[in-house]
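[1] Need coordinates for the below:
(chains A and B)
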Protein chains: 2
Amino acid sequence: MTERKTLADWKRALETYLEALPMEGAPDILRQAMRYSLLAGGKRLRGCLMLAACKMAGGNADAALPFAAAVEMIHAYSLIHDDLPAMDNDTLRRGKPTNHVVFGEAVAILAGDALLTHAFEIMAASPHPNALRALGEIARAAGVSGMLAGQTLDVTLAGTAPDTDLVRRIHEGKTAALLTAPLTAGLILAGAEENQIEAGRVYGYHLGIAFQIEDDLLDLAGDPALMGKTLGKDQAEGKLTWPACVGVSQAEKDAEEHIALAVKALDPFGEKADFLRDLAFSTLKRTQ
Amino acid sequence: MTERKTLADWKRALETYLEALPMEGAPDILRQAMRYSLLAGGKRLRGCLMLAACKMAGGNADAALPFAAAVEMIHAYSLIHDDLPAMDNDTLRRGKPTNHVVFGEAVAILAGDALLTHAFEIMAASPHPNALRALGEIARAAGVSGMLAGQTLDVTLAGTAPDTDLVRRIHEGKTAALLTAPLTAGLILAGAEENQIEAGRVYGYHLGIAFQIEDDLLDLAGDPALMGKTLGKDQAEGKLTWPACVGVSQAEKDAEEHIALAVKALDPFGEKADFLRDLAFSTLKRTQ
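    Numbers count the residues shown, from 1 in each chain, chains lettered A, B, ... in the order given. Predicted coordinates for the structure are as follows:
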């Protein structure tokens, strides 16, 4: 791979890998359902972060591809299960019918299970000497203290009054965990020093929190009357979002603050981290 | 651990480990739902097989505990998702309400996802030098060519005419895969020779197939009119079982044949394999 990559370059490498992902022995319907959601587009932000972090620390990004693919598989599984009738009951995602609408609930549940399991199967097949540690970072991020903690709180506490501690825990789990693991895993695969791995963890955390606040603000942007205002309790009810807790203007300031902290964490990497810096700033630009 | 262990000894060690399993950071409701199904009893056959296989080859069974626990977590997750309304829609399991009846469908889906993910998190935390390879065996067994292949065929082809090739594929996936992985993983953790690992694979496969045929026969035993008879097409319809394919008498012979092959595979281990031999023979005794 050449020296300086754009997001589009990383995305292309990842798409090619995912398109050719072996699923030997899978029944046709299961393979189709897995591929339907896995190859449905999206920014591939998580996978690209891993490849960029690995490259930034002098690692071989090709060797990180199975791990980047695994993070995308875990993201895809979480969306399939999130969309199920018993969860968010969504029938459309990115303009296409959701997995259970096309394949039925039973196959959608199994396709989610299969993408999660296949992520670990693919990582375990890696000959990389740091494979187990990288796999462990990703398992923890997807697990009971990470993504699944966020999902559980979100699902079981929907409708309760917004509370900054609770919303922060949901954001840490649902968004920041699976944006942080690509950073730390990518650095681990590059054989980075421990202080670099921790710097990656700080960057990923603040990027993830800022990303989710921006997502919440984008949702509100659909309701221009609420922009720039502190939401009242009646408007906030049932919405476990950051703007619902602190108001729109404060949420905007908080997102900027988190991006500043994310960018600051990259200092030890010097100009090699320009890709990750640009990516962090571009998160803010989404609502500006 | 002392030299000769009974099934009850292995089961006790495993129950103690599972009871104390750390789930740091898990929301209370998620932890409760996971433990409800994980600690609901059962024979712990898969976990005990792993500990016994590891010990048989001279390994440290204590070091295999996280892997034995992982296989039990994967088994528990598969039962939670199997019981869901969109799947088998079962409201009782081992005489207790199923997970979704107690915790609701959303939390049951998440508890299944969490048990699967936690299995990998626990294994990845092992310092054992062969941890990644053992984890890979378990991931493959649970994956698209193993358990999830069997589940998918079972769910999507229920109601079609029984066919020996199809039923064999379902049994290989749903039952044999997750009985074979404990053998191979246990032997891998013991640092066994490749030919021993393959002998374990043969034993686990035939034990698994025999186990499932016996399960099918036990189900029929509820209908004494059918015992000892070759089922007609009308009785067999919609039941993807081995007796429905080949008749009861032939199914009984086939189970015995698979047990004989399983026991024969243990020859290289000599008398150290007596535990696994006894366990194989006891499988047959369930219907006799």
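
[2] and A:H118, what does it touch?
    Applying CB atoms under 8 Å, 6 or more residues apart in numbering or on different chains, one finds that A:H118 lies in contact with A:21, A:23, A:34, A:73, B:143-144. From N, CA and C alone the C-beta is placed, and that goes for glycine too.

[3] How many neighbouring residues does A:A161 have?
    Neighbourhood size, A:A161 [other CB atoms under 10 Å in any protein chain shown]: 14.

[4] B:L153 is in contact with A:L110, correct?
    No: counting by CB atoms under 8 Å, A:L110 stays clear of B:L153, with 10.4 Å between them.

[5] what about these two, which has more around it?
    A:L110 (29 against 22).

[6] ok, now which ones touch the more buried one?
    A:L110 touches A:30, A:33, B:81, B:148, B:151-152, B:155, counting by CB under 8 Å, 6+ apart.

[7] Let me see the confidence value for A:T16.
    Each residue has a pLDDT score; the one for A:T16 is 97.

[8] cool, and A:A161?
    For A:A161, the model assigns a pLDDT of 86.

[9] Quick check: A:T241 vs A:D154, distance?
    11 Å (CB to CB, to the nearest Å).

[10] residues in the stretch 51-200 of chain A within reach of chain B, list them.
    A:77, A:81, A:84, A:86-87, A:104-107, A:109-110, A:112-114, A:116-118, A:120-121, A:124-125, A:131-133, A:135-136, A:139-140, A:142-146, A:148-149, A:151-153, A:155-156 (CB under 8 Å from any CB of the partner chain).

[11] In strands, which of those residues fall?
    Using DSSP state E, no member of those falls within strands.

[12] give the contact list for A:M56.
    Neighbours of A:M56 in contact, by CB under 8 Å, 6+ apart: A:186-187, A:190, A:269, A:272-273, A:275-276.

[13] what comes up buried for the host helix or strand of A:F67?
    Element membership for A:F67, per DSSP states H and E: helix A:61-83. Buried positions in helix A:61-83, judged by neighbour count with 16 or more other CB atoms under 10 Å in any protein chain shown: A:61, A:63-83.

[14] For it, what is the distance to the chain centroid?
    9 Å (CA atoms, centre = their mean, to the nearest Å).

[15] Tell me how many other residues crowd A:C54.
    Count around A:C54 with other CB under 10 Å applied: 29.

[16] pLDDT weak spots in the stretch 1-150 of chain A?
    Applying pLDDT under 70 to the stretch 1-150 of chain A flags the ranges A:1-4.

[17] what do you get if the cut-off is 90, keeping everything else the same?
    A:1-7, A:41-42 (pLDDT under 90).

[18] Now A:I138: closest residue in space, sequence neighbours ignored.
    A:A181 (4.9 Å; CB to CB, 6 or more residues apart in numbering or on different chains).

[19] residues contacting that neighbour?
    Here A:A181 is in contact with A:46, A:71, A:137-138, A:140-142, A:146, A:204 (CB under 8 Å, 6+ apart).

[20] With A:D82 instead?
    A:88, A:90, A:151.

[21] Identify the residues contacting the last one.
    When contacts are counted by CB under 8 Å, 6+ apart, A:Q151 is found next to A:78, A:82, A:173-174, B:110.

[22] Look through chain A and tell me its longest helix.
    Using DSSP state H, we find that the single longest helix of chain A is helix A:194-221.

[23] Between all of the contacts of A:H118, which two are separated the most?
    A:L21 and B:G143 (12.5 Å; CB to CB).

[24] Report the buried residues of stretch A:271-279.
    Result for stretch A:271-279 [16+ other CB under 10 Å]: buried residues A:272-273, A:275-277, A:279.

[25] Among the residues of the stretch 51-200 of chain A next to chain B, name the ones in helices.
    Per DSSP H, the subset of those in helices is A:77, A:81, A:105-107, A:109-110, A:112-114, A:116-118, A:120-121, A:124, A:131-133, A:135-136, A:139-140, A:142, A:148-149, A:151-153, A:155-156.

[26] when you scan stretch A:18-28, is anything in it near chain B?
    Yes: among the residues of stretch A:18-28, A:23-27 lie within reach of chain B under CB under 8 Å from any CB.

[27] what residues does that stretch touch?
    A:31, A:34, A:38-39, A:69, A:72, A:114, A:118, A:122, B:144-146, B:148-149, B:152-153, B:156.

[28] Going by neighbour count, list what's buried in the longest helix of chain A.
    Result for helix A:194-221 [16+ other CB under 10 Å]: buried residues A:196-197, A:199-217, A:220.
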